[in-house]
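[1] Please find the sequence and the predicted model below.
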Amino acid sequence: MTMTATLRAGAFLLCGLVGGFTAMAEAKACELDRSVKIAGLDYDSAAFHAAVARTIVEKGFGCKVERVPGVVAPLVNGLARGDVDVIMEIWLANPVEAWSRAEAAGKVIPLGTTFPDANEGWYVPRYLVEGADARAKDLKSVTDLKRYKDLFVDRQEPGKGRFYNCVAGWVCEGINTKKLAAYGLAEAFSNVRGGSGEALVAAIEASLKRKQPVLFYYWSPTWLVGAYDLVKLEEPAFDPAIWAELKASEKPARATAYPTSRVVIGANLAFTQSAPQLTGFFRNYGLTSAMTSQMLAAARAAGISPEEQALRFLKDRPADWRGWVTPEIAAKVQAGL
Amino acid sequence: MTGGLALLPDLGKPLQGGVNRLVDALVVGFGDKLDAVSDGLTAPVRLLEGVLGHLPPEAGIAMVGLAAWLATRKIAFAAGMGALVLVLALLGVWPAAMQSLALIVVAVLLIVLLGLPLGVAAARMPRFSRALTPLYDLMQTVPSFVYLIPVAMILGLGRAPALVATLIYALPPFARLTELGLREVDGRAVEAARALGLNTRQALWLIELPLARPAILQGLNQAIMMALAMVVVASMIGAKGLGETVLLGLQRADPGLGFVGGLGIVLLAVLLDRLAQAIFRARAPSRRRGVP
């Protein structure tokens, strides 16, 4: 009696255990028998998107995720070789050479659009151009700047206005310097190039906090664009021919607006074939530059990392991402948060 | 960061927030006054830049050669110094070198103006010295990137924050070596001078400082070297000059450009140091002759 009872209990327990394991196996059914390798690009918008994708892949699809840290060129080479499965940001307006080569060779393909509207330009704060006590109501476009050089006075170079360029040595710095000349502003404005992006943005933010006039180049998505109410000055509409001339020539006569860049998710082709469900998710993935900027600004204001902000995004804004996956997977992600 | 030590509160976050609020309050509340400070620091550098900017390389070579000859009366030394300037001009970094030179000259002058009284006071007052030591330690060890951003927020980009960053880094060795030199002056020499009727100030200028000269010159050498070492860091907060050349080499992954800029900095360092040492050493014997 006791013997059979024990046996029965044991069998029952065993069944329960096995059943439990199968249930768990179902919950964690990942298409791959290895971890998904997501590129860990070293700047904050990419870190945010990588963390959003990672959380959904882990909680929703039950896959393990490995982050491969690095900078863009070696990571794209790794993507072509299969060392990396997914990169969250490939900037199509100016793709790294490794991407163009790997795409031509059929080793990588673009999936979803991380954000379609990454952009660059010359900014002024909105309090300067709009409102009752705005000091430059007529400042709309870069061609108006000449009249306002005294407003943006450079205390280091009296008599000139101050233009905060991009970081010295970056491509954008060269383009802006040529634009200053092409727009006829080289004499009226001093071309201030910080040696580090952090120092530049610190100086710009100090002016914004003091509600002072400030004119600067910036790009989005970035926390600065998300945190402050800025106005982008109008430039002649983007023209590919003028743009090419602007990049190639030392002293271009004309200039044009920066192109808006579509930023897509790059994936290894073999990965997409072996993981169709994950590929479907990455195809559907998509936010905007403005939303990304807003998230980065929120992270900065709260003093948390882009990765922690990604969790807050998933928790607080389900409407923005539930459409990327099936309702069952979305429910799993939400349950796992 | 948030380890298992739940007993210990995490003070890092509040400290981080506190520092940020302090910098914000400074920037927003005292912005206009800080602008005036920034202008005051910038003015002498601008002035010197204006003068040096108009100096053709040929005139620079002649002036340095002449100064070196007057200081030592040695043709070889004068020719060597002149050759250093020539190489600087041949490197094609003359305007940048003059911008760096202006910044460094003003920085070193400020260091001497501040460091000499600090060193004298510390040598006289051991308590003051003990209070300064941790401050100097802090100034020398805290990584420059820690204060670079707040300084840039408070003073804006340009020469003023570069000057402040250089001062923070290069002042302590000069002040310390001045203090050390004065401490090691033989007390009997000072006593003898006082017995001969010199007052404290005269004894300082005529006996103590000349006797401490080797240590003070060592301090000057350190100040010049460290000021030059800060040139690249200064360029990160908008100071123009050779540091910017090095930084461009770094950002564009152009080792050649970085090398040219770096070589320019080294040449400038050797030139400034040897010339300053020669000039101040040369004055030593004549003074000593005056005080038997």
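    Great, that's in hand.
[2] element containing A:Tyr217, please.
    According to DSSP states H and E, A:Tyr217 maps onto strand A:216-220.
[3] chain center to the helix or strand following that strand: distance?
    Following strand A:216-220 in sequence order, the next helix or strand is helix A:223-227 (DSSP H and E). Distance of helix A:223-227 from the chain centroid (CA atoms, centre = their mean, to the nearest Å) equals 12 Å.
[4] Report the rounded mean pLDDT for helix A:223-227.
    Regarding helix A:223-227, the rounded mean pLDDT is 94.
[5] residue contacts, whatever residue of the stretch 151-292 of chain B ends up closest to chain A?
    Minimum separation of the stretch 151-292 of chain B from chain A (CB to the nearest CB) falls at B:Gln251, amounting to 2.7 Å. Quick note: C-beta positions are derived from backbone N, CA and C, even for glycine. Residues in contact with B:Gln251 (CB atoms under 8 Å, 6 or more residues apart in numbering or on different chains) are A:Val167, A:Ala168, A:Gly169, A:Trp170.
[6] Distance of it relative to A:Leu75?
    Applying CB to CB, to the nearest Å, the value for B:Gln251 to A:Leu75 is 20 Å.
[7] So which of the contacts of B:Gln251 wins on neighbours?
    Using other CB atoms under 10 Å in any protein chain shown as the neighbour test, the contacts of B:Gln251 are led by A:Ala168, with 26 neighbours.
[8] thought that residue was touching B:Thr245?
    No. Taking contacts as CB atoms under 8 Å, A:Ala168 lies outside contact range of B:Thr245: 9.8 Å.
[9] where does the stretch 101-250 of chain A come near chain B, residue by residue?
    Remark: the part of the stretch 101-250 of chain A in contact with chain B comprises A:155-156, A:164, A:167-170, A:192-196, A:198-200, A:202-203, A:205-206, A:209-210, A:212, using CB under 8 Å from any CB of the partner chain.
[10] In strands, which of the residues you listed appear?
    A:Tyr164, A:Val192 (DSSP state E).
[11] buried ones in stretch A:260-271?
    Neighbour-count burial for stretch A:260-271, counted by 16 or more other CB atoms under 10 Å in any protein chain shown, picks out A:Ser261, A:Arg262, A:Val263, A:Val264, A:Ile265, A:Gly266, A:Ala267, A:Asn268, A:Leu269, A:Phe271.
[12] The helix ranked longest in chain B and chain A in contact?
    Longest helix of chain B, by residue count under DSSP state H: helix B:255-290. No. Using CB under 8 Å from any CB, helix B:255-290 never reaches chain A; the gap is at least 9.3 Å.
[13] Show me what that helix is packed against.
    helix B:57-72, helix B:75-90, helix B:94-124, helix B:209-211, helix B:213-229, helix B:242-251 (3 or more CB pairs under 8 Å, 6 or more residues apart in numbering or on different chains; DSSP states H and E).
[14] Buried ones from the residues of the stretch 101-250 of chain A next to chain B, can you make that a ChimeraX selection?
    Burial among these is assessed by 16+ other CB under 10 Å; the matching ChimeraX selection reads:
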select /A:156,164,167,168,169,170,192,193,194,195,196,198,199,200,202,203,205,206,210,212
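[15] quick one: the helix or strand hosting B:Ala25 to chain centroid distance?
    Assigned by DSSP H and E, B:Ala25 belongs to helix B:12-29. In this view, helix B:12-29 has its centroid 29 Å away from the chain centroid, taken as CA atoms, centre = their mean.
[16] touching chain A at all, the helix or strand just after that helix?
    Sequence-wise, the next helix or strand downstream of helix B:12-29 (DSSP H and E) is helix B:31-53. Yes. If you take CB under 8 Å from any CB as the test, helix B:31-53 does meet chain A, through B:Gly31, B:Asp35, B:Ser38, B:Asp39, B:Thr42, B:Arg46.
[17] The last one contacts B:Arg159, doesn't it?
    Yes. The pair B:Arg46 / B:Arg159 is scored as a contact, 7.2 Å apart, by CB under 8 Å.
[18] Now do the shared contacts for those two.
    Going by CB under 8 Å, 6+ apart, residues that sit against B:Arg46 and also against B:Arg159 are A:Gln156.
[19] what number of residues lie near B:Ala89?
    By other CB under 10 Å, 16 other residues sit near B:Ala89.
[20] who touches it in this structure?
    B:Ala89 sits next to B:Pro57, B:Gly60, B:Ile61 when contact means CB under 8 Å, 6+ apart.
[21] ok, the second one - contacts?
    In this case it means B:Gly60. Neighbouring residues of B:Gly60 by CB under 8 Å, 6+ apart: B:Val85, B:Ala89.
[22] May I see the buried residues of the lowest-mean-pLDDT helix or strand in chain B?
    Within chain B, no helix or strand scores below helix B:255-290, which has a mean of 80 by mean pLDDT, DSSP states H and E. With burial defined by 16+ other CB under 10 Å, the residues of helix B:255-290 counted as buried are B:257-258, B:260-265, B:267-278.
[23] And for stretch A:168-188?
    In terms of neighbour count (16+ other CB under 10 Å), stretch A:168-188 has its buried residues at A:168-170, A:173-183, A:185, A:188.
[24] returning to that earlier point: compile the helices and strands packed on helix B:255-290 into a markdown table and extend it with columns for distance to B:Pro9 and mean pLDDT.
    A markdown table is the format used below for those (distance: least, CB to CB, whole Å; pLDDT from 0 to 100):
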| stretch | distance to B:Pro9 | mean pLDDT |
| --- | --- | --- |
| helix B:57-72 | 60 | 93 |
| helix B:75-90 | 56 | 94 |
| helix B:94-124 | 38 | 94 |
| helix B:209-211 | 51 | 91 |
| helix B:213-229 | 38 | 92 |
| helix B:242-251 | 41 | 87 |
